[in-house]
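*Asks:* Provided below are the primary sequence and the corresponding predicted coordinates.
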2 protein chains.
Amino acid sequence: MMEHDIFRALADPTRRTIFEKLAAGSMNASALRQGMDISQPAMSQHLAVLRAAGLVREQKEGRFVNYEVDPDGLALIAEWLAKYRAYWPARIDALRLLLKDMDQ
Amino acid sequence: MMEHDIFRALADPTRRTIFEKLAAGSMNASALRQGMDISQPAMSQHLAVLRAAGLVREQKEGRFVNYEVDPDGLALIAEWLAKYRAYWPARIDALRLLLKDMDQ
DNA sequence: ATAACACATAAGCACAGACTTATGTGATTC
DNA sequence: GAATCACATAAGTCTGTGCTTATGTGTTAT
């Protein structure tokens, strides 16, 4: 199940860091490694997990592979979260404001 | 970090099922086990993980312990998700509609 | 008071998964 | 065309974690 892949992928702190870096801008695997003290194979494996979860997608450019955030993964999380809207606290007003922001 | 506990807790399919059951209505640990083929200690351990993550909270009633969804956990997920709003696809319009629904 | 109950905790085991080193694959450079 | 580069894959190791059985703690019932 896709939902399982998503949560399992995000359960690892290293992968969340990678995702966060990609959210700040598309990058190839080597650039992602900068300042992360992680081996090249480890990075490649993490990216494979994120890709399988639909959180990240690749775009081959010669011998480089550019990675970027895949909106589909975020949509799955949003849909999962929406199932429990009955329990959303008032604090989620912040989220509502953000969405209102998107209307502009 | 709290964020880590949340994603790690939800990475387990059994715990997601438990959370889903609790979202349908508060229950004690024994009731949760119904139709789940899971031992009593396993259930207790899963609930401890969900509680530590802030996804679930307990309410002691005599020798029973009633469990319910804790909105705080969901809020943390929503806040994490909000960080990446720049990448939200149009599909998340569904979420916007739900929020509009809450205004009533 | 003693038994039965609801749940938590302890200890041990088995498997998943995050890492390592080594090697493979395809593209670029010289 | 040989070397180098960017990345993927393979195989093995080690830690984390979800399970088990056994036992502990507190509550209700008889």
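*Replies:* Done, it's in.

*Asks:* which residues of chain A fall in strands?
*Replies:* A:27-28, A:56-61, A:64-69 (DSSP state E).

*Asks:* Throw those strands into TSV and include mean neighbour count, thanks.
*Replies:* All C-beta atoms are positioned from the backbone trio N, CA, C, and that covers glycine. Putting those into TSV (neighbours: other Cβ atoms under 10 Å in any protein chain shown) gives the following:
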stretch	mean neighbour count
strand A:27-28	17
strand A:56-61	14
strand A:64-69	17
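
*Asks:* number of nearby residues for the residue of chain A found nearest DNA strand C?
*Replies:* Using Cβ to the nearest atom of the strand, the single residue of chain A nearest to DNA strand C is residue A:62, 2.5 Å away. Residue A:62 has 6 neighbouring residues, counting by other Cβ atoms under 10 Å in any protein chain shown.

*Asks:* Likewise for the one 10 residues further on?
*Replies:* Neighbourhood size, residue A:72 [other Cβ under 10 Å]: 16.

*Asks:* check whether stretch A:8-20 contacts chain B.
*Replies:* Yes: judged by Cβ under 8 Å from any Cβ of the partner chain, stretch A:8-20 and chain B are in contact via A:8, A:10, A:11, A:13, A:16, A:20.

*Asks:* can you narrow those to ones near DNA strand C?
*Replies:* Contacts with DNA strand C within the residues of stretch A:8-20 next to chain B, counted by Cβ under 7 Å from any atom of the strand: A:8, A:11.

*Asks:* which of the residues of stretch A:8-20 next to chain B lies closest to residue B:81?
*Replies:* Among the residues of stretch A:8-20 next to chain B, residue A:10 lies closest to residue B:81 (Cβ to Cβ), at 10.7 Å.

*Asks:* Residue A:19 is in contact with that closest one, correct?
*Replies:* Yes: the pair residue A:10 / residue A:19 is scored as a contact, 7.4 Å apart, by Cβ atoms under 8 Å.

*Asks:* With neighbour numbers in mind, choose between the two.
*Replies:* residue A:10 (26 against 21).

*Asks:* Quick one: residues contacting the closest residue to the more buried one other than its chain neighbours.
*Replies:* The shortest distance from residue A:10 to any non-neighbouring residue, by Cβ to Cβ, 6 or more residues apart in numbering or on different chains, is to residue B:7 (4.5 Å). Shown in contact with residue B:7 (Cβ atoms under 8 Å, 6 or more residues apart in numbering or on different chains): A:7, A:10, A:11, A:16.
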